[in-house]
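the sequence and its predicted three-dimensional model are supplied below.
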Amino acid sequence: MKHSLIASSDPERLETWARYSNGLCRDCHATCCTLPVEVRIDDLIRLGLVDEFERDEPAKQVARRLSREGVVEHFNHKREIFTLTRLANGDCLYLDRQTRLCTVYAKRPDTCRNHPHVGPRPGYCAYQRKSERRTSR
């Protein structure tokens, strides 16, 4: 079976994103793992960063603690959404630099579980072939 060539996307330009299809992730550089990851308290509990008892505490207080620990880079207090920290190169905190695989895959946040069906451009992803990764960051 012949595979069609897919041009690499620019994560900053949604119009360049590729229509998602099964198997596309196999040779992708995990570009979706460089996008901001927004999480809720349930995700933080699943990740083991917050325990059930903290669910009843003010989310702002939890955000402050996780920020000090370097896990959260932003907190939207109106919507109670936390944004996970990204590394200097833009990678998700939980992305293995060598394998480009998620180190918390079984416990990953709902945002990641539902990508690319939800997100900035539902049904599309910021596909970049592993060998063609752009280094514009």
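That came through fine. Residues are numbered from 1 along each chain as shown.

any idea how far Asp43 lies from Arg13?
27 Å (C-beta to C-beta, to the nearest Å). Yep, even glycine has a C-beta here, placed from its N, CA and C like the rest.

higher neighbour count, these two?
Asp43 (22 against 9; other C-beta atoms under 10 Å).

in contact with the more buried one, which residues?
Shown in contact with Asp43 (C-beta atoms under 8 Å, 6 or more residues apart in numbering): 109-111.

got a winner among these for most neighbours?
Pro109 (22 neighbours).

and the pLDDT at that residue?
With respect to pLDDT, Pro109 scores 97.

how far away is the residue nearest to it when sequence neighbours are not counted from Leu84?
The shortest distance from Pro109 to any non-neighbouring residue, by C-beta to C-beta, 6 or more residues apart in numbering, is to Asp43 (3.9 Å). Asp43 sits 9 Å away from Leu84, going by C-beta to C-beta.

spell out which residues are contacts of both of those two.
With C-beta under 8 Å, 6+ apart, Asp43 and Leu84 have common neighbours Pro109.

and the closest residue to Glu54 other than its chain neighbours, how many residues sit next to it?
Closest residue to Glu54 apart from its sequence neighbours, by C-beta to C-beta, 6+ apart: Val62 at 5.5 Å. Val62 is flanked by 20 other residues according to other C-beta under 10 Å.
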